[in-house]
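**Student:** Show me the folded form of this:
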Amino acid sequence: MGKNPRPSNILFIANTATLQHTLPDLLGVEPHQLLYNDTSSACMVLFDSMHDATRIFEQVNGLVVEGVRLYVTYAAPKNHQTGQLQIGPENEDIAASENVQVAGLELILDYISVEEEQLLLHDIDSQTGLSKSKRKIHYGEAYYKKKGKSGPDIPHFVQPLLNRVGNGVDQVSFDYYAPGFGSKTEMFNHNSWGDTVAILSLASGIVLYLSDRKGNGSKNIYVPPRSLLVLKDEARYSWALGVIRRDVDYIHGESVLRETRISLTFRIVNLNKRCFCDYPEVCNGNRTPDSIPFKNAEGLEAKEIEKMYVHGIYDEIAEHWDATRHTPWKQVQEFLESQPENILIADVGCGNGKYLSLLPKSMMIGCDISANLIKICRDKGHEVYVCDAKHVPYRENVFDLAISIAVMHHIACEDDRIKILSELLRIVKPGGEVLVCAWALEQELHSKRRFEEQDVIVPWNFNSKFGDGKKEVYHRYCHVYREGELESLWEQIPGADIVNQFYDCSNWCVHVRKQ
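**Tutor:** Numbering: from 1, shown residues only. Alright, predicted model coming up:
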């Protein structure tokens with residue numbers, strides 16, 4: 001077998017296929033100390049000391065047993081870069097956990113007790129089907145919703161761990177690692193999951209391979225059984241994690257034969273599917289800007305901005321808009337459904353009319369500046385008109401209620417914003433009510449948008465199936481509102497009493513009553 005490597009406490013023995021029952025007695029070891037390859041034609045044996053391994057090497061190498069000649073050499077893990085068998089207990093690539101310093105990485109030893117571990121292993125074995133033939137199972141509805149599927153709930157026996165690991169955990173992945181098995185070295189996807197990932201090891205320890213995607217080298221960390229490895233910040237977003245395929249790990253200078261390991265990975269699904277981490281140079285998420293600052297380099301007047309970046313665009317995208325805008329905002333729907341029956345309601349900026357059918361026992365009339373959206377509303381049987389919200393063609397003191405949803409953020413100057421609010425108040429009766437909602441600068445955590453400034457251009461990615469030869473991306477002007485800004489506009493309008501301000505679906509909403 002060539003030049004003998006330098007001694008270690010691990011032996012590699014070839015030609016063992018027919019000798020599995022003989023070898024333990026021949027070598028003076030317990031059966032669990034022998035690790036066979038897939039065909040059992042060779043095995044690795046872990047001895048308690050290098051002295052024992054050297055003694056057996058000298059006795060067995062070249063020995064003929066039951067007509068089979070055994071060949072023996074000293075062994076070590078495969079080098080993860082070359083794939084070649086390492087010679088002797090080379091451990092310069094293996095770092096004990098206390099020597100691994102990565103920002104955001106924390107290893108919590110004995111996170112669960114031996115008794116808790118045994119109960120978990122029993123429940124996993126009896127209730128999940130996790131095995132060598134089914135090595136990965138994902139639990140948590142959110143994981144499957146991301147793919148448009150439904151899936152199994154997180155098992156009840158894991159529930160006590162969820163809050164203990166971290167509030168909001170909605171996905172748990174179970175992984176089965178047989179001795180010698182590994183996993184690809186990769187980062188946890190930035191789009192798919194939140195800021196923290198935690199990994200609980202059961203049944204056996206493992207040496208995990210860490211690689212810095214910024215090019216600052218790699219490290220190996222020994223993760224003992226019952227420990228919890230927590231990845232945050234740089235460790236979460238800049239380092240890749242994997243398990244190198246090998247049968248033996250070197251831990252603090254000792255050779256340790258791998259045993260079957262079960263891991264539970266706890267994550268929070270990132271519902272907005274975008275990443276805003278501080279590591280853009282290695283980010284594997286979607287960092288496409290949600291908006292870009294609006295710079296009026298051409299010196300356009302407000303009406304020109306709205307004509308170019310609002311009115312014409314909604315005529316172009318009307319059909320696509322109608323196909324994607326059909327769910328009422330929750331608190332707006334609740335507000336409308338709280339109104340008495342048989343009232344007259346104006347929806348100014350009604351769009352595709354998604355609110356016009358909510359109250360069948362009242363009369364709702366809609367208007368919008370987009371002729372194509374109004375056509376869609378008429379095709380649905382709604383009473384609608386084309387008009388500019390700054391000049392609503394209704395008599396004053398007529399309506400019991402007026403609403404304007406997602407209109408005000410398309411208005412380019414403060415005077416016109418006040419004009420629209422004044423028109424809404426004008427058309428309702430004394431004692432009548434008005435509800436106005438517009439995009440908020442302060443977006444929810446899971447919103448797909450982030451705004452750095454108040455005056456922005458927001459892209460609309462047009463689906464080509466709704467029209468041939470149209471531009472793929474349209475740019476809409478928006479002014480997003482800070483908390484209190486809509487209220488301050490209403491305070492400039494005589495006769496308006498502010499009843500309530502609330503936040504709904506990343507929008508600021510203000511409810512007023514006419515004096």
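
**Student:** Quick check: Val512 is in a helix.
**Tutor:** No: secondary structure of Val512 (DSSP: H, G, I helix; E, B strand; the rest coil): strand, not part of a helix.

**Student:** which residues does it bridge with?
**Tutor:** With DSSP bridges as the criterion, Val512 is bridged to Val434, Ile498.

**Student:** Lys232 - how many residues pack around it?
**Tutor:** By other C-beta atoms under 10 Å, the residues close to Lys232 number 15. Just so you know, the C-beta spots here come from the backbone N, C-alpha and C atoms, and that holds for glycine as well.

**Student:** check contacts around it.
**Tutor:** Taking C-beta atoms under 8 Å, 6 or more residues apart in numbering, we find Lys232 in contact with 104-106, 195-196.

**Student:** Need the contact partners of stretch 41-52.
**Tutor:** With C-beta under 8 Å, 6+ apart as the criterion, stretch 41-52 contacts 7-17, 23, 27-29, 33-37, 53, 56, 75, 247-248, 255-257.

**Student:** Which helix or strand contains Arg55?
**Tutor:** Here Arg55, judged by DSSP states H and E, is contained in helix 50-60.

**Student:** CA atoms only for that helix, dumped as PDB, please.
**Tutor:** C-alpha atoms of helix 50-60 as PDB (Å, rounded to 0.1, in the frame of the first residue of the first chain):
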ATOM      1  CA  MET A  50      -1.900   5.500  19.500                       C
ATOM      2  CA  HIS A  51      -0.100   2.700  21.300                       C
ATOM      3  CA  ASP A  52      -3.000   0.300  20.800                       C
ATOM      4  CA  ALA A  53      -3.300   1.300  17.100                       C
ATOM      5  CA  THR A  54       0.500   0.700  16.500                       C
ATOM      6  CA  ARG A  55       0.400  -2.700  18.200                       C
ATOM      7  CA  ILE A  56      -2.500  -3.900  16.000                       C
ATOM      8  CA  PHE A  57      -0.900  -2.400  12.900                       C
ATOM      9  CA  GLU A  58       2.200  -4.500  13.500                       C
ATOM     10  CA  GLN A  59       0.200  -7.600  14.200                       C
ATOM     11  CA  VAL A  60      -2.400  -7.500  11.400                       C
END
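
**Student:** Mind listing residues that contact the very next helix or strand once past that helix?
**Tutor:** For helix 50-60, the following helix or strand on the C-terminal side (DSSP H and E) is strand 64-65. Strand 64-65 has contacts (C-beta under 8 Å, 6+ apart) with 19, 22, 26, 70.

**Student:** try 7 Å
**Tutor:** 19, 22, 26 (C-beta atoms under 7 Å, 6 or more residues apart in numbering).

**Student:** what's the average pLDDT for it?
**Tutor:** Across strand 64-65, the average pLDDT comes to 90.

**Student:** What pairs with it, parallel or antiparallel?
**Tutor:** Under the criterion DSSP bridges, strand 64-65 sits next to strand 68-69 (antiparallel) in its sheet.

**Student:** What strand or helix carries Ile313?
**Tutor:** Applying DSSP H and E, one finds Ile313 within helix 312-316.

**Student:** buried sites along that helix?
**Tutor:** Under the neighbour-count criterion of 16 or more other C-beta atoms under 10 Å, helix 312-316 has 313-314, 316 buried.

**Student:** packing partners for that helix?
**Tutor:** Helices and strands in packing contact with helix 312-316 are listed as helix 371-379, strand 473-479; criterion 3 or more C-beta pairs under 7 Å, 6 or more residues apart in numbering; DSSP states H and E.

**Student:** next structured bit after it?
**Tutor:** Note on helix 312-316: by DSSP H and E, the next helix or strand toward the C-terminus is helix 318-324.

**Student:** what packs against that next one?
**Tutor:** Against helix 318-324 (3+ C-beta pairs under 7 Å, 6+ apart) you get helix 371-379.

**Student:** From the contacts of strand 64-65, list just the buried residues.
**Tutor:** By neighbour count, with 16+ other C-beta under 10 Å, the contacts of strand 64-65 hold Leu19 as buried.

**Student:** circling back: so which of the contacts of Lys232 comes closest to Leu401?
**Tutor:** Leu401 has its nearest neighbour among these in Asp195, at 42.4 Å by C-beta to C-beta.

**Student:** Can you report how many residues neighbour that closest one?
**Tutor:** 14.

**Student:** In a helix, it, correct?
**Tutor:** No: counting by three-state DSSP, Asp195 is not found in a helix; it is coil.

**Student:** for the stretch 101-250 of the chain, what spans make up the helices?
**Tutor:** Here the stretch 101-250 of the chain has its helices, by DSSP state H, counting those that start in this stretch, at 114-127, 141-145, 159-165, 233-237.

**Student:** Drop anything exposed from the contacts of Lys232.
**Tutor:** Buried by 16+ other C-beta under 10 Å: 104-105, 196, out of those.

**Student:** Now render those residues as JSON lines, adding distance to Leu359.
**Tutor:** As requested, the buried ones among the contacts of Lys232 are exported to JSON lines (distance: C-beta to C-beta, whole Å):
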{"residue": "Gly104", "distance to Leu359": "51"}
{"residue": "Leu105", "distance to Leu359": "55"}
{"residue": "Thr196", "distance to Leu359": "44"}
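
**Student:** Which of those sits closest to Ala406?
**Tutor:** Checking the buried ones among the contacts of Lys232 against Ala406 by C-beta to C-beta gives Thr196 as the nearest, at 33.8 Å.

**Student:** Which pLDDT value belongs to the residue lying closest to the closest one once chain neighbours are set aside?
**Tutor:** Once flanking residues are discounted, Thr196 sits nearest to Lys232: 5.1 Å by C-beta to C-beta, 6 or more residues apart in numbering. On pLDDT, Lys232 comes in at 92.

**Student:** Next, Lys232: phi, psi?
**Tutor:** Backbone torsions of Lys232, given as degrees, to the nearest 10, read phi -130, psi 170.

**Student:** Around Ile221, how many other residues sit close by?
**Tutor:** For Ile221, the neighbour count with other C-beta under 10 Å is 21.

**Student:** May I have the beta-bridge partners of it?
**Tutor:** Assigned bridge partners for Ile221, using DSSP bridges, are Leu208.

**Student:** hang on, the earlier thing: if we look at the helix holding Ile313, which residues are touching it?
**Tutor:** With contacts defined as C-beta under 7 Å, 6+ apart, helix 312-316 is touched by 321, 370-373, 460, 470, 474, 476.

**Student:** Produce a PyMOL select command limited to the buried residues of the residues you listed.
**Tutor:** Here is the PyMOL command that selects the buried residues among these (16+ other C-beta under 10 Å):
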select buried, resi 321+370+372+373+460+474+476
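
**Student:** Which of the residues in stretch 30-43 are classified as buried?
**Tutor:** Quick answer for stretch 30-43 (16+ other C-beta under 10 Å): 33-36, 42-43.
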